[in-house]
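Colleague: the following comprises the amino acid sequence and a computationally predicted model.
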Amino acid sequence: MNDLPARFRAASASAEAIFWRPPSTPAEMFRDLATFAEEQGIEWDRYGERGAVAQVEADVAELLGKPAAVLFPSGVMAQQATLRAWCDRSGSRRVALPDLSHLVHHEQDGPRRVLGLELEWLTTGRQTATADALAKVGGRLGAVLVELPLRDAGCLLPTWDELVELSAAARERGVPLHADGARIWESVPHWDRSLAEVGELVDSMYVSLYKGLGGSSGAVVVCPEDLAGELRTWRARMGGTIFSMTTAAVGGLMGLRQQLTKFADYRAWAIELAAALGDHGFTTFPEEPHIATFLAYGRGTADEVNERVLAFTEERGIVPSGLWRASEVPGWVVTELTCYESAISHDPAEVAGLMAAAVGESHPGT
């Protein structure tokens, strides 16, 4: 058995992390939540009603310009319930979505096996959804899903014009357009648009309370008021209306207060890092990151590179990246980099140099 991941976790526990977020203990997280809840006068919900849950639903709905919002324990449940509700209304179980969608690769075939959805590819590979792509999907559709950004493609976003045209095409065809907006908070700086402007283009959207916002868990779907009632019914059917959802709601509220204004700075730093990595022989995708998360490619095999990264972490007390995996190109490895608060406290050129030293890359001219 390969014990490298366990060794890497052990070494990382006492080292300085550059990417993602610095590690914290459950006790530290609960103290932060308790302090915020006390300062804000947070009250308990009961079975998803009142209190912190009603507050986070109202705040997210207002930000995205929608009449209603529903909190779910997870994004998996949130999106499957939303697509099923739209399909029931449309009279078709066919959903057009990217073949790299989270629903296809990370949900154990739940959309098909649990809710009976039929999946059709809106795009394949590293393509963003467009009106032309939708036109190529024939027949009656129950819903269309666009992932903003397409995470497994390096957090790729369509242009603003492409998104506007896709929205218009879906509405002309009479098909609900749902957005997987788990990272929508981080995406709007790419377009220089507001959250409400994005919300206006879709019929519903799922957002995460823990990915960009840093909460403990939870997802919210914004949508029309009448669909919200159906989603609450599906949440109950799927076992998601638990006795209390306050912890997730408080984490989301805290993230909305503390994180929303920072994503433009994170993205700007990520763009500088990507350019600096290119100077050291790495390749990034997208070449200029669309959000603060992107893919970095280096030469070598995963075992060799990961042993070097582990040794660097143990010797220097700095975690220069996550573990790397074999890429689709033989002889190259890939890792995902997420540039949040810990990253932007460093010079991006310095971080690129640390990654090169750890991975074994060097300037192409040396």
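Modeller: Received the coordinates, thanks. It should be emphasised that the depicted structure is a prediction, and the values quoted were computed from it without experimental measurement. Numbers count the residues shown, from 1 in each chain.
Colleague: dump the residue contacts of residue 358.
Modeller: 308, 309, 312, 313, 320, 321 (C-beta atoms under 8 Å, 6 or more residues apart in numbering). Where you see a C-beta, it was placed from the backbone N, CA and C, and this is true even at glycine.
Colleague: just the CA coordinates for the helix or strand encompassing the first one, please, in CSV.
Modeller: Here residue 308 sits within helix 302-316, counting by DSSP states H and E. In CSV, the C-alpha atoms belonging to helix 302-316 read as follows (Å, rounded to 0.1, in the frame of the first residue of the first chain):
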residue,chain,number,x,y,z
ALA,A,302,3.9,11.2,-9.8
ASP,A,303,5.9,9.0,-7.5
GLU,A,304,9.1,10.8,-8.1
VAL,A,305,7.7,14.3,-7.9
ASN,A,306,5.7,13.5,-4.7
GLU,A,307,8.7,12.1,-3.0
ARG,A,308,10.5,15.3,-3.7
VAL,A,309,7.6,17.4,-2.5
LEU,A,310,7.4,15.4,0.7
ALA,A,311,11.2,15.7,1.3
PHE,A,312,11.0,19.5,0.7
THR,A,313,8.1,19.7,3.2
GLU,A,314,9.9,17.7,5.9
GLU,A,315,13.2,19.6,5.4
ARG,A,316,12.0,23.2,4.9
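Colleague: average model confidence for it?
Modeller: Mean per-residue pLDDT for helix 302-316: 95.
Colleague: and stretch 84-91, by the same measure?
Modeller: pLDDT averaged over stretch 84-91 gives 96.
Colleague: check which helix or strand residue 355 maps to.
Modeller: Going by DSSP H and E, residue 355 is part of helix 348-359.
Colleague: by how many degrees do that helix and helix 302-316 diverge?
Modeller: Angle, helix 348-359 to helix 302-316, by axes from the mean of the first three to the mean of the last three C-alpha atoms, to 10 degrees: 120 degrees.
Colleague: by contact count, what packs against the helix holding residue 308?
Modeller: helix 4-13, helix 348-359 (3 or more C-beta pairs under 8 Å, 6 or more residues apart in numbering; DSSP states H and E).
Colleague: which strands or helices does whatever helix or strand comes next after the shortest one pack on?
Modeller: This means helix 4-13. Sequence order places strand 16-17 as the next helix or strand after helix 4-13, per DSSP H and E. Using 3+ C-beta pairs under 8 Å, 6+ apart, the elements in contact with strand 16-17 are strand 318-319.
Colleague: other SSEs contacting the strand it packs on?
Modeller: Applying 3+ C-beta pairs under 8 Å, 6+ apart, we find strand 318-319 packed against strand 16-17.
Colleague: what comes into contact with the strand it packs on?
Modeller: For strand 16-17, using C-beta under 8 Å, 6+ apart, the contacting residues are 23, 317, 318, 319, 342.
Colleague: now the helix or strand just after it: buried residues?
Modeller: Using DSSP H and E, the next helix or strand after strand 16-17 towards the C-terminus is helix 26-40. Within helix 26-40, the residues that qualify as buried are 32, 33, 36, 37, counting by 16 or more other C-beta atoms under 10 Å.
Colleague: got it, and stretch 253-261?
Modeller: 253, 254, 255, 256, 259, 260.
Colleague: do stretch 280-299 as well
Modeller: Buried-residue list, stretch 280-299, by 16+ other C-beta under 10 Å: 280-286, 289-299.
Colleague: and residue 119, helix, strand or coil?
Modeller: strand (DSSP: H, G, I helix; E, B strand; the rest coil).
Colleague: how about residue 70?
Modeller: Residue 70 - assigned by three-state DSSP - is strand.
Colleague: how far away from the center of its chain is the helix holding residue 308?
Modeller: Relative to the chain's own centre, helix 302-316 is displaced by 27 Å; criterion: C-alpha atoms, centre = their mean, to the nearest Å.
Colleague: can we start the residue count at 15 from this point?
Modeller: Right, with 15 as the first residue, what we last looked at is helix 316-330.
Colleague: report the angle between it and helix 18-27.
Modeller: Using the same axes, to 10 degrees, helix 316-330 lies at 20 degrees relative to helix 18-27.
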